[in-house]
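Student: my questions concern the predicted model and sequence given below.
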Number of protein chains: 2
Amino acid sequence: MDEQIAQDSTPIFQRIKDYLLGEIASGRWKEGDLVPSEQALVRQFGVSRMTVNRAVRELTAEQVLTRRQGSGTYVAPQKYQATLVEIRNIADEVRARGHVHASHPRLLEQSPAGETLARQFELEPGTPLFHSLIVHDENGRPIQVEDRWVNPACAPAYLDQDFARITPNEHLMEAAPLQGATYSIEALPAPREVAEMLGIGTGTSCLVLKRRTTSGGRVASVVTMWHPGHLYKFTGSVG
Amino acid sequence: MDEQIAQDSTPIFQRIKDYLLGEIASGRWKEGDLVPSEQALVRQFGVSRMTVNRAVRELTAEQVLTRRQGSGTYVAPQKYQATLVEIRNIADEVRARGHVHASHPRLLEQSPAGETLARQFELEPGTPLFHSLIVHDENGRPIQVEDRWVNPACAPAYLDQDFARITPNEHLMEAAPLQGATYSIEALPAPREVAEMLGIGTGTSCLVLKRRTTSGGRVASVVTMWHPGHLYKFTGSVG
DNA sequence: TAGTGGTCTAGACCACAGC
DNA sequence: CTGTGGTCTAGACCACTAT
């Protein structure tokens, strides 16, 4: 009655996960189908309930299964086209490609918040903010314009940093532990100032990433990153 | 010596997770720091080791901690700027906004693979492929051009579908369980044909998502999705 | 009421790292 | 050698669902 429990070192809970995943991948169990109960799997594999529970619980956390107390365990709805894109910071990314990253600070100032910025930071208009404008190079070629505004309450020493040596990112990581972020990715024509810094024509398509991060209950940073569309793309894989 | 274990219904393992997360979020424990051992947490909380183990194991799976057998548990390196972007399919996304989604198939054909496509599909040039070109509307306004090539071996009935009624995505979900995907996001000027279908000017900045999906060890689908840059953005949040 | 999942215990044996 | 994490057991009590 037991499944063949080989002598290999694969943990039992992992073998149960593999079994369940196999039934789903093969199509034998489809979306919404009832999966054997923990008791049934305990009998099938001849193991304790905690072991079965771990396998099923992890697959539930991985969104492969859904569970309803008192009812049962079911195959979760598939999300065929859902894509998870991971965007890392530009310095790490360039170095990961084996290329040379360089930062060129173009502006570092304190400036009062306008209406739009004040709303984004949830502060009163006129509140002083820190502002940096940095061009990032990959092998000597401009690849990103980073236009960042920072809440002085979160990173009081921001303006004292040498941003040719460390990135704003690295400083903020130390000063203000990240709590959460909202972001958007869009395609916009380069305005004149950005185009000049990137060495491209005004109006060239740019990949624009905007991020707003919070730390300790406050909005810490609002940043817009411009990348030349023909030189830069976000890439990755899942599965 | 116990932590205050309140009468609330929060599971113990969750309270331990919250405690560990709090120490990290507050900055008291920093990247690379040694975290108390399971034994220490067992004594601190007065619970069994399995309960502590679950808390720490789950935080490890969530990339908050790293563990080394025989050594200890450490605070994982923070990824301040790492952003996880989830991209859903266009139909779900439009409906989630409470808007009306409509599909307009513009082309549905079988066509031999050229060199580029053959390489992407890992097939011989000249192998027949299915090809669809669909315009997706949000509230009657074109928002995406979906240019998709499909491996007939993975979805033999692809050309028989009514893509005004169901999306290619929905059909492929049934026909070819997803195994993995690679993708890229870039900003490109709209070519004339795409611009006409989107009702925008040729050369307008577009947000372009390319995906290549595999199923059952084969490349199932290669798709390029064009979105008008001023109308469409990927958005989301983390934390 | 019987079956399901959600959680927890108090042990156990093992592999591995560091001293 | 001791201490660490990795896994597993054989029970237990509870809340919830379906009948």
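Tutor: Thanks, I have it.
Student: please make it C-alpha for all contacts and neighbour counts, starting now.
Tutor: Noted.
Student: relative to strand B:83-87, how tilted is the helix or strand of chain A with the lowest mean pLDDT?
Tutor: The helix or strand of chain A with the poorest confidence is strand A:83-87; it has a mean of 76 (mean pLDDT, DSSP states H and E). Put simply, strand A:83-87 runs at 160 degrees to strand B:83-87, going by axes from the mean of the first three to the mean of the last three CA atoms, to 10 degrees.
Student: what lines up beside strand A:83-87 in the sheet?
Tutor: Paired strands of strand A:83-87, with direction, are strand B:83-87 (antiparallel) (DSSP bridges).
Student: that older thread, tell me which helix or strand comes right after the least confident helix or strand of chain A.
Tutor: Helices and strands here follow DSSP states H and E; after strand A:83-87, the next one along the chain is helix A:90-96.
Student: quick one: that following helix to chain centroid distance?
Tutor: 15 Å (CA atoms, centre = their mean, to the nearest Å).
Student: ok, and what's touching it?
Tutor: A:100-102, A:136, A:138, A:144, A:167 (CA atoms under 8 Å, 6 or more residues apart in numbering or on different chains).
Student: tell me the one among the residues you listed nearest to chain B.
Tutor: Distance ranking of the contacts of helix A:90-96 against chain B, using CA to the nearest CA, places residue A:167 first at 11.0 Å.
Student: surely that closest one and residue A:102 touch.
Tutor: No: in this structure residue A:167 lies outside contact range of residue A:102 using CA atoms under 8 Å: 9.6 Å.
Student: from the contacts of helix A:90-96, list the buried ones, please.
Tutor: Neighbour counting by 16 or more other CA atoms under 10 Å in any protein chain shown classes A:101-102, A:136, A:138, A:144, A:167 among the contacts of helix A:90-96 as buried.
Student: lowest-confidence one in those residues?
Tutor: In terms of pLDDT, the lowest of the buried ones among the contacts of helix A:90-96 is residue A:167, showing 92.
Student: gap between the closest residue to residue A:142 other than its chain neighbours and residue A:141?
Tutor: Spatially, and ignoring its direct neighbours in sequence, residue A:142 is nearest to residue A:198 (5.2 Å; CA to CA, 6 or more residues apart in numbering or on different chains). Distance from residue A:198 to residue A:141, counting by CA to CA, to the nearest Å: 8 Å.
Student: who has more neighbours, the two?
Tutor: Using other CA atoms under 10 Å in any protein chain shown as the criterion, residue A:198 and residue A:141 rank with residue A:198 on top: 22 against 15.
Student: what's around the residue in chain A positioned nearest to DNA strand C, how many residues?
Tutor: Going by CA to the nearest atom of the strand, DNA strand C is nearest to residue A:70 of chain A, at 3.0 Å. Residues within reach of residue A:70, counting by other CA under 10 Å, total 6.
Student: now residue A:194: how far from residue A:203?
Tutor: Computed with CA to CA, the distance linking residue A:194 and residue A:203 is 10 Å.
Student: between these two, point out the one with more neighbours.
Tutor: residue A:194 (23 against 16).
Student: in chain A, which residue is closest to the centre?
Tutor: In chain A, the C-alpha nearest the mean C-alpha coordinate belongs to residue A:86, at 4.6 Å (CA atoms, centre = their mean).
Student: ok, now which ones touch that one?
Tutor: Counting by CA under 8 Å, 6+ apart, residue A:86 touches A:236, B:82-85.
Student: how about those residues in a markdown table, adding distance to residue A:109 and neighbour count?
Tutor: Output for the contacts of residue A:86, formatted as a markdown table (distance: CA to CA, whole Å; neighbours: other CA atoms under 10 Å in any protein chain shown):
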| residue | distance to residue A:109 | neighbour count |
| --- | --- | --- |
| A:236 | 36 | 16 |
| B:82 | 26 | 15 |
| B:83 | 27 | 21 |
| B:84 | 30 | 17 |
| B:85 | 31 | 21 |
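Student: one step back: any idea which of the buried ones among the contacts of helix A:90-96 is closest to DNA strand D?
Tutor: Within these, proximity to DNA strand D (CA to the nearest atom of the strand) peaks at residue A:167, which comes in at 32.7 Å.
Student: pretty sure residue A:34 contacts residue A:71?
Tutor: No: using CA under 8 Å, residue A:34 makes no contact with residue A:71, being 9.6 Å away.
Student: gap between residue A:178 and residue A:216?
Tutor: Computed as CA to CA, the residue A:178 to residue A:216 distance reads 8 Å.
Student: picking up where we left off before, and the two most separated of the buried ones among the contacts of helix A:90-96?
Tutor: Distance extremes for the buried ones among the contacts of helix A:90-96: the farthest pair is A:138 and A:167 at 14.2 Å, using CA to CA.
Student: show me the contacts for residue A:66.
Tutor: Neighbours of residue A:66 in contact, by CA under 8 Å, 6+ apart: A:60, A:73-76.
Student: roughly how far does residue A:84 sit from residue A:212?
Tutor: 19 Å.
Student: no wait, residue A:104
Tutor: Counting by CA to CA, the gap from residue A:104 to residue A:212 is 22 Å.
Student: and those two? which has more neighbours close in?
Tutor: The neighbour comparison of residue A:104 against residue A:212 (other CA under 10 Å) goes to residue A:212, with 21 against 15.
Student: quickly list the domain ranges of chain A.
Tutor: A:12-75, A:90-228 (automatic domain parsing).
Student: point out the most buried one among the ones you listed.
Tutor: Per-stretch averages of neighbours, counted by mean count of other CA atoms under 10 Å in any protein chain shown, single out domain A:90-228 among these, with a mean of 18.
Student: ends of it, what's the gap?
Tutor: First-to-last residue span, domain A:90-228, CA to CA: 13 Å.
Student: can you show me the strands along chain A?
Tutor: Counting by DSSP state E, residue ranges of the strands within chain A are A:34-35, A:65-68, A:72-75, A:83-87, A:101-112, A:128-138, A:141-150, A:180-189, A:205-215, A:218-228, A:234-238.
Student: those: lowest mean pLDDT?
Tutor: Among the strands of chain A, strand A:83-87 scores lowest, with a mean of 76.
Student: now do that one: distance to the chain's middle.
Tutor: Relative to its chain's centre, strand A:83-87 lies at 6 Å (CA atoms, centre = their mean).
Student: wait, residue A:110 sits on residue A:129?
Tutor: Yes: between residue A:110 and residue A:129 there is a contact under CA under 8 Å: 5.6 Å.
Student: what parts of chain A come near DNA strand D?
Tutor: Residues of chain A lying close to DNA strand D (CA under 7 Å from any atom of the strand) are A:10-14, A:46-51, A:68-71.
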